[in-house]
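[1] Pasting the sequence and the predicted coordinates here, then a few questions.
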Amino acid sequence: MVSRCMAKGLEANGILCVALHPGWVRTDMGGPEAPMSPEESITSVLSVIGGLTEKDHGSFLSYNGEPLPW
């Protein structure tokens, strides 16, 4: 909800705001069974960030760019 509120507040300033889910990543939190390495996750997230447009403003996206439900 904070991300949606922030997106609304920043819209007038032309600042794009999205929430990104990094996926299940092999970290201390994700554990050894997670399917993605941190490098794979961040590569995917950076690709999504690089392709963002105004249509994505206020959305919640997965590491692969797929929209996720709030």
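    Yep, it's here. Note that this is a predicted model, so its numbers are computed, not measured.

[2] ranges for the strands of the chain?
    Using DSSP state E, the strands assigned to the chain run over residues 19-21, 60-62.

[3] Which pLDDT does the model give the nearest residue to residue 35 once chain neighbours are set aside?
    Spatially, and ignoring its direct neighbours in sequence, residue 35 is nearest to residue 24 (6.1 Å; C-beta to C-beta, 6 or more residues apart in numbering). Heads up, the C-betas are built off the backbone N, CA and C, glycines and all. Residue 24 carries a pLDDT value of 98.

[4] repeat for residue 1
    What the model reports as pLDDT for residue 1 is 73.

[5] Not counting sequence-adjacent ones, nearest residue to it?
    Leaving aside its chain neighbours, residue 1 sits nearest to residue 70 (7.8 Å; criterion: C-beta to C-beta, 6+ apart).

[6] got a list of what the one you found touches?
    1, 4, 60 (C-beta atoms under 8 Å, 6 or more residues apart in numbering).

[7] want to try a markdown table for the residues you listed, with distance to residue 12 as columns?
    Below are these laid out as a markdown table (distance: C-beta to C-beta, whole Å):
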| residue | distance to residue 12 |
| --- | --- |
| 1 | 19 |
| 4 | 15 |
| 60 | 21 |
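
[8] Nearest to residue 15 among those residues?
    Checking the contacts of residue 70 against residue 15 by C-beta to C-beta gives residue 4 as the nearest, at 14.0 Å.

[9] List the residues that contact the closest one.
    With C-beta under 8 Å, 6+ apart, residue 4 has these contacts: 58, 70.

[10] Please report how far it lies from residue 34.
    Computed as C-beta to C-beta, to the nearest Å, the residue 4 to residue 34 distance reads 27 Å.

[11] next one: residue 48
    Following C-beta to C-beta, the distance that separates residue 48 from residue 34 is 19 Å.
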